[in-house]
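**Student:** Based on what follows, work out the 3D shape:
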Amino acid sequence: MSAHTEPSAVRLADHTTLGLGGPARSYRRVGSTDDLVAAVAAADAAGEPVLVLGGGSNLVVADAGFPGTVVHIASQGVTFQETGTIDPATGEPVVLLRAEAGVEWDPLVERVVAEGLNGLEFLSGIPGRVGSTPIQNVGAYGQDVSQTVREVLVYDRREGGRRVLSAAECGFTYRDSVFKGDDRYVVCEVVFALHRGKLSRPVAYAEVARSLGVEAGERVPMERARETVLDLRRGKGMVLDPADPDTRSAGSFFTNPVVTAEEFAAVRERAAERLGPDVPVPGHPDADGRVKLSAAWLIDRAGFGKGYGSGPARLSGKHTLALTNRGGATTADLLDLAREVRAGVEEAFGVRLVNEPVMIGISL
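**Tutor:** Numbering: from 1, shown residues only. So this is what the prediction gives:
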């Protein structure tokens with residue numbers, strides 16, 4: 001599929017899961033890595049602003065649209081390579097999966113599970129395309145792509161050429177990477193190191209373990225792990241369904257805050273004053289002594305329950321962490337709600353939430 005340019009009347013709302021965003025000044029759809037590189041290089045040479053668009057599942061676009069070229073990635077290449085090596089920790093053969101940036105994520109996970117390859121099964125049901133996964137260090141239910149990404153082929157806009165970044169060079173941290181907030185690199189292809197076997201990676205998330213009826217750290221058949229995650233995500237409106245307005249969102253709108261031990265103690269004090277001394281504050285310590293809080297819990301306990309809002313932009317009726325377009329909302333409506341929630345949480349608990357979706361032409 002070759003690249004082609006379409007009229008500037010293309011509405012970005014039609015290409016985002018939120019259904020929000022004004023027109024692109026110029027829109028170009030590309031079907032291969034070569035076409036992607038050529039389209040971005042041409043726009044750069046012309047001094048044109050560039051927005052690289054995948055599945056639109058993690059974007060909030062201004063009502064005014066984008067005053068430049070939108071390059072929409074539709075590349076579909078997928079290959080598997082048997083490495084002939086065995087992971088000494090598991091005794092399982094290592095297989096490399098190379099996928100182009102435009103490949104739809106969940107169908108790829110479904111295929112990987114069917115192929116008997118573990119490493120992505122707990123990331124089932126996440127909307128979007130492969131190219132976005134290293135940018136956000138996409139993760140869910142105790143599994144992040146950083147655990148399996150071997151390398152990323154990028155187009156380096158500063159140097160004007162292609163470059164392969166190792167996993168270490170990607171700078172992965174919680175929902176972050178060298179790609180996020182910096183448009184130097186365009187993700188073209190991602191290589192994942194997976195294991196061939198019948199069982200999932202160890203269950204790392206308590207909610208999943210409870211649903212499976214196993215202890216954390218156990219392994220289960222991969223198909224069972226995938227279906228359990230899909231069921232959990234559907235219950236929270238996190239699996240796209242055109243008939244369900246709760247899924248017209250950008251997924252989790254705020255990241256889970258990571259705070260110091262001292263800040264966590266202050267949150268617990270505020271929670272005790274607000275909610276009572278016996279109400280526990282969920283927190284997950286990490287190896288650095290910091291604590292990851294639950295943004296959903298903070299939002300709910302600050303007074304913003306499921307379905308909160310009176311206009312076309314509301315919290316999901318299934319999960320307080322998702323902001324939804326109930327139909328007819330504008331980006332301005334969504335941002336008003338997001339700011340109200342952020343301010344309410346900060347007032348209640350002294351924690352300032354940070355948006356997870358990428359903001360285009362706007363800021364929270």
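**Student:** Alpha carbons of the lengthiest helix in the chain, as PDB, please.
**Tutor:** Once the chain is assigned using DSSP state H, the helix that runs over the most residues is helix 331-349. Coordinates of the C-alpha atoms in helix 331-349 are reproduced here as PDB (Å, rounded to 0.1, in the frame of the first residue of the first chain):
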ATOM      1  CA  THR A 331     -12.500  18.400  23.700                       C
ATOM      2  CA  ALA A 332     -13.100  21.500  25.800                       C
ATOM      3  CA  ASP A 333     -15.900  19.600  27.700                       C
ATOM      4  CA  LEU A 334     -13.600  16.700  28.400                       C
ATOM      5  CA  LEU A 335     -10.800  19.000  29.600                       C
ATOM      6  CA  ASP A 336     -13.100  20.900  31.900                       C
ATOM      7  CA  LEU A 337     -14.100  17.600  33.500                       C
ATOM      8  CA  ALA A 338     -10.500  16.400  33.800                       C
ATOM      9  CA  ARG A 339      -9.400  19.600  35.400                       C
ATOM     10  CA  GLU A 340     -12.300  19.400  37.900                       C
ATOM     11  CA  VAL A 341     -11.300  15.900  38.900                       C
ATOM     12  CA  ARG A 342      -7.600  16.700  39.100                       C
ATOM     13  CA  ALA A 343      -8.300  19.800  41.300                       C
ATOM     14  CA  GLY A 344     -10.700  17.800  43.500                       C
ATOM     15  CA  VAL A 345      -8.100  15.000  44.100                       C
ATOM     16  CA  GLU A 346      -5.400  17.500  44.900                       C
ATOM     17  CA  GLU A 347      -7.600  19.300  47.400                       C
ATOM     18  CA  ALA A 348      -8.700  16.100  49.100                       C
ATOM     19  CA  PHE A 349      -5.400  14.200  49.200                       C
END
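**Student:** right, and the helix or strand after it?
**Tutor:** Note on helix 331-349: by DSSP states H and E, the next helix or strand toward the C-terminus is strand 358-360.
**Student:** Okay, now the sheet partners of that next one, with direction.
**Tutor:** Based on DSSP bridges, the pairing partners of strand 358-360 within the sheet are strand 59-61 (parallel).
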